[in-house]
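>>> how would this look folded up:
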Amino acid sequence: MAGPGWSEPRVALVTGGAAGIGRAEAVGLAEAGADVAILAHSDRVGAEETARRCRAAGRRTLVVQADVRRSDEVRHAVDEVARTLGRLDILVNNAGALGAQLNVPLLELDESTWHLMMDSHLTGTFLCLKHAAPYMVRQGWGRVINTSSVHGRIGGRPTLGHYGAAKAGVIALSRSLALELGPKNIRVNAICPGFLWTRAWEMLATLMKMGVPEYASLEPREIFLDQVKRGVPLGREQTPDDIGALTAFLCGDGARNITGQAISVDGGITLKVGVAG
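Reported below is the predicted structural model:
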């Protein structure tokens, strides 16, 4: 079965697919008709659950393990996907570690946390592209989706500068690759989620609970929803399924002329700071 506008079945590799956005993207691609490989670093159990949900959509699945910061591990995982599933057409880069110092002013940030953020989010995206894109070039067809953030578009809020810098780098990398790979019929786009309940937001809300008196009696989830109400023009949070649906669309031929874009799924947040959608 071919997917939306695809002339033949496709194979996708989703990094960071053990939960959250990555899981939603993997399942969305499976439901659109792609066979899916899930790359996980430490959460093998979560990755297997994602694979189970993809199989429920009637697709072949595979779980591979690698640290996206290590070129040899990434190359081995990519080759295993292509060998086992027969090809590699779609790459979704979603992996990225956070570290313990998520909400720290840059001048107080230790260098190990800076490097963890850069290496896992930005270098990891580069290494996955480096090893996966040659398969697409040989086939003359490919789709790449890189996960950035609204923080990558607006420069990162105070105390999240290391995260914003990494995600801004993902956008710049996506645009450069779209120019380089476009003549090979490979499209590259970045998705920039906004207020989405993740482990990162739970950590941030916990810190806000300790630092903002009005939040002291609230649970982290309640703090997050209050921030949504205050900061999102549409007044609602974004969900992993929102990102999964956009990923499936961008990988289909209905988006055949969309490349090199950083597309915000943020309920209008970037409009408030003067950044085009």
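>>> please name the residues that touch residue 220.
Contact analysis of residue 220 by C-beta atoms under 8 Å, 6 or more residues apart in numbering lists 201, 202, 205, 206, 209. In short, each C-beta sits where N, CA and C put it, glycine included.
>>> and it, what are its phi and psi?
Backbone torsions for residue 220, taken as degrees, to the nearest 10, come to phi -50, psi -40.
>>> could you do residue 94 as well?
According to degrees, to the nearest 10, residue 94 has phi -130, psi -10.
>>> roughly how far does it sit from residue 15?
To residue 15, residue 94 is 5 Å away according to C-beta to C-beta, to the nearest Å.
>>> residues contacting the residue in the chain sticking out farthest from the centre?
For the chain, the residue at maximal distance from the C-alpha centroid (C-alpha atoms, centre = their mean) is residue 213, at 33.3 Å. By C-beta under 8 Å, 6+ apart, no residues touch residue 213.
>>> buried members of the contacts of residue 220 into ChimeraX, please.
Here the buried members of the contacts of residue 220 are turned into a ChimeraX selection, burial being counted by 16 or more other C-beta atoms under 10 Å:
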select :201,205,206,209
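>>> what is the most widely separated pair among the contacts of residue 220?
Farthest-apart pair in the contacts of residue 220 is 201 and 209; separation 12.2 Å (C-beta to C-beta).
>>> quick check: longest helix of this protein.
When the chain is parsed with DSSP state H, its longest helix is helix 161-181.
>>> between helix 161-181 and the next helix or strand after it, find me the angle.
Once the chain leaves helix 161-181, the next helix or strand it forms, by DSSP states H and E, is strand 186-193. Using axes from the mean of the first three to the mean of the last three C-alpha atoms, to 10 degrees, the inter-axis angle of strand 186-193 relative to helix 161-181 is 160 degrees.
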